[in-house]
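Below are the sequence and a predicted model for it; my questions follow.
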Amino acid sequence: MHPILSTFLAQLADSALPFTGGILLGTAIEVFLPKRWSERWLVAGPRSLVLATLAGALLPGCAMSAVPLARSLRARGAPLGTVAAFLLIAPLISPHTVALTAALVGIGFAVARVVLPVLFTLGFGALTNTIVPTPPPAVKAPPDAEAEEAEAGGCHGGCGCSHRRSSTPLARYGRQLWANLRALVPLFVGSLALVTVLAAFIPTASMAQYGNSPLAYLGALVAGIPLYVCDGGEVPLTRSLLALGVGPGPAFTFLLGSVGTCLATITMALGIIGRRMTAAYVAGTLLLAVLGGLLVGHWPLLWP
C-alpha cells in the first residue's frame with residue numbers, strides 16, 4: 001500500500017470516532033436543548049463565552065469532535081466570538097493531553113499550555129463578540145417540539161392527526177442527524193486527504209538545525225499547519241523535537257500550532273463561522289503559538 005494512502009487511512013481511523021461522537025452530541029444539542037435554555041446560557045453576554053471556553057477545554061477527543069459541536073452552537077444562536085473561542089480552545093487543551101504533556105515534556109510546558117490558551121481565548125472571544133455583529137445562524141436549528149407540533153398541518157390541541165408522528169423526538173433527531181452528516185462528512189474526508197498529502201512533504205526533523213533562532217519559530221509553524229495530530233499525538237512529536245535539539249520556545253510553538261491550526265478543522269470551520277471569522281481564528285491561533293513560544297523560550301522555569 002502506498003505510504004500516503006496508508007497514512008490517510010490511519011488518520012481516518014483515529015479521527016472517525018471523535019468526529020462521530022461530536023456529530024451525535026451536537027445533533028442532540030440542536031434537537032433537544034430547550035430554546036429558553038440556549039438563549040439564557042449560549043447567547044446572553046459574557047457567560048456564553050466562559051461556558052464555551054470551559055466546555056472546549058474539558059471536551060475529550062480532538063478537534064474533530066469540536067467541529068460538529070461548534071456547528072450546533074451556531075445553530076442555536078451562539079455569537080461568533082463564542083463559537084470561535086470554542087473552536088480555538090478545544091484542540092489545545094483537554095485533561096488527558098495536559099497530563100500527557102506534564103509526563104512527557106514537563107510541568108512547565110503543561111502549565112503554559114493551560115494558562116496561555118485560556119487567557120488568549122477569553123480575550124479573543126470577548127473582543128470578537130464586541131466588534132463583530134453576530135449574523136443569523138448559518139445553520140437553521142430545528143424547531144422546538146411544541147412549535148413543530150403547533151405548525152404540523154395547522155393542528156392545535158389533541159387533534160390526533162397521523163402526520164404528527166413525524167414530530168416525535170426520535171424522528172426529529174434522525175432528520176437533523178442526516179442533515180449534519182451530509183454537511184460535514186464530505187468536508188471531513190476531503191480535509192483529511194488534503195492534510196495527508198501536504199504533511200508528506202514537511203520534514204519536521206529539519207527544524208533541529210535552527211535551534212532557538214527566529215527561523216526555528218517559523219519552521220515550527222510551517223511544519224505544524226499541515227499536520228493532523230489527534231488525542232495527544234503532538235506531545236511525543238514535541239518531545240522528539242526537543243531531543244533533536246530544537247529549543248524550548250520553538251518546540252512549544254510547534255506544540256500549540258500543530259493542534260490549533262489543523263487544516264482539517266480550518267476547512268470545516270469555513271462553513272460554520274465564515275471566511276473572515278475563520279481567518280481571524282487561524283491568525284489568532286498562530287499569534288498564540290508564536291507568543292507562547294517566545295514566552296516559554298525566555299522563561300527557563302517553564303523549560304523541560
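Nice, I can see it. Residues are numbered from 1 along each chain as shown.

Residues in contact with stretch 99-107: which ones?
Stretch 99-107 is contacted by residues 109-110, 113, 232, 235-236, 238-239, 242, 251, 255, 302-304 when judged by CB atoms under 8 Å, 6 or more residues apart in numbering. Any C-beta I mention is one placed from the backbone N, CA and C, and that applies to glycine too.

buried residues in stretch 23-37?
Ile23, Gly26, Thr27, Ile29, Glu30, Val31, Leu33 (16 or more other CB atoms under 10 Å).

In this structure, what helix or strand scores lowest on average pLDDT?
Scoring the helices and strands of the chain by mean pLDDT, DSSP states H and E places helix 145-151 at the bottom, with a mean of 42.

and the gap between the closest residue to Val197 other than its chain neighbours and Cys262?
Closest residue in space to Val197, ignoring its immediate chain neighbours: Ile4 at 6.3 Å, by CB to CB, 6 or more residues apart in numbering. According to CB to CB, to the nearest Å, Ile4 stands 18 Å off from Cys262.

the more surrounded of those two?
Between Ile4 and Cys262, counted using other CB atoms under 10 Å, the more crowded position is Cys262 (30 against 13).

and the gap between that one and Arg76?
From Cys262 to Arg76 the distance is 24 Å (CB to CB).

returning to what we had before: following element in sequence after the least confident helix or strand of the chain, please.
helix 169-199 (DSSP states H and E).

tell me which strands and helices that following helix is in contact with?
helix 3-32, helix 63-75, helix 145-151, helix 263-297 (3 or more CB pairs under 8 Å, 6 or more residues apart in numbering; DSSP states H and E).

Using the three-state scheme, assign Ala78.
coil (DSSP: H, G, I helix; E, B strand; the rest coil).

Let me know whether it touches Leu49 as I believe.
No. Using CB atoms under 8 Å, Ala78 is not in contact with Leu49, being 9.2 Å away.

ok, the nearest residue to Leu221 once chain neighbours are set aside - how many residues close by?
Closest residue to Leu221 apart from its sequence neighbours, by CB to CB, 6+ apart: Gly257 at 5.2 Å. The number of residues packed near Gly257 is 28, by other CB under 10 Å.

any idea of the pLDDT on Gly257?
Note on Gly257: pLDDT of 89.

quick one, what contacts it?
Counting by CB under 8 Å, 6+ apart, Gly257 touches Ala220, Leu221, Gly224, Ile225, Thr285, Leu286, Ala289.

How many residues are close by the fourth one?
The reference is to Ile225. 22.

Show me where the stretch 151-300 of the chain dips below the pLDDT cut-off.
Where the stretch 151-300 of the chain drops to pLDDT under 70, the residues are 151-166, 191-192, 194-195, 198-211, 226-231.

again, 50 this time
Applying pLDDT under 50 to the stretch 151-300 of the chain flags residues 151-165.

picking that back up, now for the contacts of stretch 99-107, which pair is the farthest apart?
Gly232 and Trp303 (20.5 Å; CB to CB).

on that earlier part again, got the helices and strands packed on helix 169-199 as CSV, with distance to Leu87 columns?
Formatted as CSV, the helices and strands packed on helix 169-199 follow (distance: least, CB to CB, whole Å):
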stretch, distance to Leu87
helix 3-32, 12
helix 63-75, 5
helix 145-151, 29
helix 263-297, 6
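
among these, which is nearest Tyr173?
helix 3-32 (4.9 Å).

Mind giving me the packing neighbours of that closest one?
Right, helix 3-32 is packed against helix 63-75, helix 169-199 by 3+ CB pairs under 8 Å, 6+ apart.
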